[in-house]
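Asks: Here's a sequence, model it:
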Amino acid sequence: MLNIKVVGGGCKNCQTLEALCREIIDENNIVAEIEKITDVNKFADYGIMMTPGLLINNKVVSSGKIPVKSTLTHWILDADK
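Replies: Numbering: from 1, shown residues only. Sure thing, here's the model as predicted:
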């Protein structure tokens with residue numbers, strides 16, 4: 001099972017990134033757990049200096065932007081192998 005962490009304070013971009021991850025998981029029938037990390041004091045612990053941040057299986061794949069859907073899909077599918 002994939003572990004996806006969306007790191008951010010809950011702003012619009014963080015919500016958009018979470019929704020995009022859920023959409024990709026649903027479209028590809030992937031079993032995954034999505035966690036939202038909203039505690040600002042923990043962002044640096046995950047290696048995130050700019051939000052929204054995204055970790056897949058505890059690896060930082062994005063920070064400070066929302067990746068395009070095709071890129072995000074590629075990351076998720078690769079991590080699910």
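Asks: for the residue located most distally from the centre of the chain, helix, strand, or coil?
Replies: Going by C-alpha atoms, centre = their mean, the residue of the chain most distant from its centre is Asn41, 18.1 Å out. Using DSSP: H, G, I helix; E, B strand; the rest coil, the structure places Asn41 in helix.
Asks: ok now do the spatially most central residue of the chain, which residues does it touch?
Replies: The chain has Leu54 as the residue nearest its centroid, 3.4 Å off, counting by C-alpha atoms, centre = their mean. Each residue near Leu54 by C-beta atoms under 8 Å, 6 or more residues apart in numbering is listed here: 4-7, 17, 21, 60-63, 67, 72. From N, CA and C alone the C-beta is placed, and that goes for glycine too.
Asks: Please determine how far the closest residue to Phe43 other than its chain neighbours is located from Glu27.
Replies: Counting by C-beta to C-beta, 6 or more residues apart in numbering, Phe43 lies nearest to Val7, which is 5.7 Å off, once chain neighbours are set aside. Remark: distance between Val7 and Glu27 (C-beta to C-beta, to the nearest Å) = 23 Å.
Asks: what do you get for Thr16?
Replies: The value you get for Thr16 to Glu27, if C-beta to C-beta is used, is 16 Å.
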